[in-house]
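Trainee: Have a look at this fold, sequence not included:
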């Protein structure tokens, strides 16, 4: 079985948002994320590989001292995932 239960990763709504008003472009998230999800672009930290995120992982959110990183609300995410599971059941 695939790591996402047969659901294509591109269909799973799990990736962060960076609040540009709070982000200081300190590079902590870039250095922390082993999957290369963040990068600097025009002197601004951006999510560059949203589907590289491990579904359910949000540890970078806690590494950000400015609280500039957020993920979908867990309740909404679980509802969306439940609907996707129904669509992709074998």
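Mentor: Received it, and whenever you're ready, just let me know what you need. All values derive from a computational prediction rather than experimental measurement. Numbers count the residues shown, from 1 in each chain.
Trainee: Pull out the buried residues from the longest helix seen in the chain.
Mentor: If you go by DSSP state H, the chain has its longest helix at helix 74-87. Neighbour counts over helix 74-87 (16 or more other C-beta atoms under 10 Å) mark 77, 81, 84 as buried. Every residue, glycine included, has its C-beta placed from N, CA and C.
Trainee: Next, the contact list for the last one, please.
Mentor: In this structure, residue 84 makes contact with 7, 11-12, judged by C-beta atoms under 8 Å, 6 or more residues apart in numbering.
Trainee: and with 6 Å instead?
Mentor: By C-beta atoms under 6 Å, 6 or more residues apart in numbering, the contact list for residue 84 reads 7, 11.
Trainee: low-scoring stretches of this protein, by residue?
Mentor: Residue ranges of the chain with pLDDT under 70: 1-2, 90.
Trainee: and if we set it to 90?
Mentor: 1-6, 89-90 (pLDDT under 90).
Trainee: quick one: the helices in it?
Mentor: 28-32, 59-63, 74-87.
Trainee: Could you find the closest non-adjacent residue to the residue nearest to the spatial centre of the chain?
Mentor: Per C-alpha atoms, centre = their mean, the C-alpha nearest to the average position across the chain is that of residue 15, at 2.2 Å. Closest residue to residue 15 apart from its sequence neighbours, by C-beta to C-beta, 6 or more residues apart in numbering: residue 50 at 3.7 Å.
Trainee: Any chance of a markdown table for the helices of the chain, columns distance to residue 43?
Mentor: Below are the helices of the chain laid out as a markdown table (distance: least, C-beta to C-beta, whole Å):
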| stretch | distance to residue 43 |
| --- | --- |
| helix 28-32 | 13 |
| helix 59-63 | 20 |
| helix 74-87 | 31 |
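Trainee: And the residue nearest to residue 45 when sequence neighbours are not counted, how far from residue 44?
Mentor: Leaving aside its sequence neighbours, residue 45 sits nearest to residue 25 (C-beta to C-beta, 6+ apart; 5.0 Å). For residue 25, the distance to residue 44 equals 6 Å [C-beta to C-beta, to the nearest Å].
Trainee: Thank you, goodbye.
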